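Colleague: how would this look folded up:
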Amino acid sequence: QVQLVESGGGLVQPGGSLRLSCAASGSIFSITAMGWYRQAPGKQRDLVATVTSGGNTNYADSVKGRFTITRDSAKNTVYLQMNSLKPEDTAVYYCNGAGIYYSNTALRSFDYWGQGTQVTVSS
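Modeller: Coordinates of the predicted model:
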């Protein structure tokens, strides 16, 4: 009922920048929060940054000062601007969205993940 589609990953040199986008679509009533998580090979999926419907943001310590999460509520889209990228930022980045959607005549909660987008930081 709700889909999350990510874009913007790729290969970048250390010190470079990338911008990820995640658009939520479907029978959305409201979005509570959206965020980005990442998973490197052989490691668990970790939080990168989140933003709530009220605009509150939360960042992992490792990305503070380098990454910025923003949202466009009208488009149900969240962005992650990543600057000063380091090789240790290499991972698959996943978008997460949580909120309420229409299901026939009812409202139901959702907490979905996107398919992931690869970010590789290497010279």
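Colleague: going forward, measure contacts between C-alpha atoms and count neighbours the same way
Modeller: Noted.
Colleague: and residue 62, helix, strand or coil?
Modeller: Here residue 62 is helix, with the state taken from DSSP: H, G, I helix; E, B strand; the rest coil.
Colleague: In terms of pLDDT, where does it sit?
Modeller: Looking at residue 62, its pLDDT stands at 97.
Colleague: cool, residue 77 as well?
Modeller: pLDDT, residue 77: 97.
Colleague: Leaving out sequence neighbours, find the closest residue to residue 71.
Modeller: Closest residue to residue 71 apart from its sequence neighbours, by C-alpha to C-alpha, 6 or more residues apart in numbering: residue 78 at 4.2 Å.
Colleague: try residue 34
Modeller: Nearest to residue 34 is residue 97, by C-alpha to C-alpha, 6+ apart, at 4.4 Å.
Colleague: now do residue 116
Modeller: Residue 116 sits nearest to residue 94 (C-alpha to C-alpha, 6+ apart), 4.4 Å away.
Colleague: secondary structure element for that neighbour?
Modeller: Taking DSSP states H and E as the definition, residue 94 sits inside strand 91-103.
Colleague: Whichever strand or helix holds residue 112: partners in the sheet, and parallel or antiparallel?
Modeller: Counting by DSSP H and E, the element that carries residue 112 is strand 106-113. Strand 106-113 pairs in its sheet with strand 91-103 (antiparallel), by DSSP bridges.
Colleague: If anything else comes up later, I'll come back, but that's it for now.
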